[in-house]
Each structure stands twice: as structure tokens, then as C-alpha cells.
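[1] Test case, fold it:
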Amino acid sequence: MGYDAVNPVQISAYDMEPCSLKQRFGTSITFWGGVCNTQKTLPFGTPELIRKEVKNNMECLKPGGGFIASSIHNITAEVPPENIVAMFDAVRENRIYT
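    Predicted structure coming up:
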């Protein structure tokens with residue numbers, strides 16, 4: 001289809017589970033987004049839950065490259081500032097490829 005990247009990786013959508021996406025398509029396309037569920041976890045989760053989800057999703061999506069760590073949409077007004085900080089901190093903590 002000519003795609004180089006999928007944006008957004010909306011992990012709450014049907015059949016968009018990060019580990020499955022990477023396994024099925026990770027050698028063919030780049031994934032843009034998917035660090036955190038921006039509809040449920042980011043606005044309503046705890047900072048600790050956000051860190052855990054970001055770590056898990058990044059562990060799925062980053063092996064072998066082809067991953068741009070970001071949220072999928074604009075961050076909406078109901079998201080507590082501490083949750084935004086938790087998401088960015090978790091991305092920074094898990095950004096190193098080993």
C-alpha cells in the first residue's frame with residue numbers, strides 16, 4: 001500500500017495491541033505513537049500505571065527500530081499534569097535500545 005509509517009498507533013482500537021502489531025508488521029513499517037492509551041490510562045490512570053503501560057508498550061514496539069515514541073493525539077484538557085509528566089518521564093527512562 002506504500003505506507004512507511006502507521007500514525008497513530010491507537011492501542012485502544014481493535015487489533016492494535018502493540019506486541020501483536022510489532023510481530024506482524026514490524027519489519028515492514030514504522031510505528032508512530034502507542035506509548036500510552038490516551039483515552040483511558042492517560043486521563044484517568046495513576047502516574048504509576050502510566051509508567052508501567054509506557055514501559056510495556058515501548059518494550060513491544062522498539063526492538064529492531066521502526067518506532068517513534070509519542071502519544072497518538074493531542075493531550076486533552078482533563079489529563080492531570082502529573083500524568084503528562086509521568087508519560088514523558090517513562091518515555092525518557094525507556095528510550096535506550098539494548
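
[2] Return the distance of the residue sitting nearest the centre point of the chain relative to G2.
    Centrality entry for the chain: nearest residue to the mean C-alpha point is V35, 1.5 Å, by CA atoms, centre = their mean. Using CB to CB, to the nearest Å, V35 is found at 26 Å from G2. No exception for glycine: its C-beta is placed from N, CA and C like everyone else's.

[3] in the chain, which spans are strands?
    Using DSSP state E, the strands of the chain run over 5-6, 30-32, 67-68.

[4] sorry, back to before: show me what contacts the residue nearest to the centre of the chain?
    Residues in contact with V35 (CB atoms under 8 Å, 6 or more residues apart in numbering) are E53, V54, N57, M58, A69, S70, S71, M87, A90, V91.

[5] Farthest pair within the residues you listed?
    Using CB to CB, those span at most 14.2 Å, a distance reached by E53 and S70.

[6] For the two, indicate the residue with more neighbours.
    When E53 and S70 are compared on other CB atoms under 10 Å, the one with more neighbours turns out to be E53, at 22 against 17.

[7] Pretty sure T46 is one of the things the more buried one touches, is it not?
    No: contact between E53 and T46 fails when scored by CB atoms under 8 Å: they sit 10.5 Å apart.

[8] Distance of G2 relative to I29?
    Counting by CB to CB, the gap from G2 to I29 is 10 Å.

[9] neighbour-wise, which of the two wins?
    Taking neighbours as other CB under 10 Å, G2 and I29 compare with I29 leading, 14 against 3.

[10] thought G66 was touching F25?
    No: the criterion here is CB under 8 Å, and G66 misses it with F25 at 9.0 Å.

[11] one step back: now, among the contacts of V35, which is nearest to V6?
    S70 (12.2 Å).

[12] so what's that closest one up against?
    W32, G33, V35 are the contacts of S70 under CB under 8 Å, 6+ apart.

[13] burial of R24, as a residue count?
    Using other CB under 10 Å, R24 is surrounded by 11 other residues.

[14] Which elements pack onto the least confident helix or strand in the chain by mean pLDDT?
    Every helix and strand in the chain was compared by mean pLDDT, DSSP states H and E; the lowest is strand 5-6, with a mean of 84. Where contact means 3 or more CB pairs under 8 Å, 6 or more residues apart in numbering; DSSP states H and E, strand 5-6 is packed against strand 30-32.
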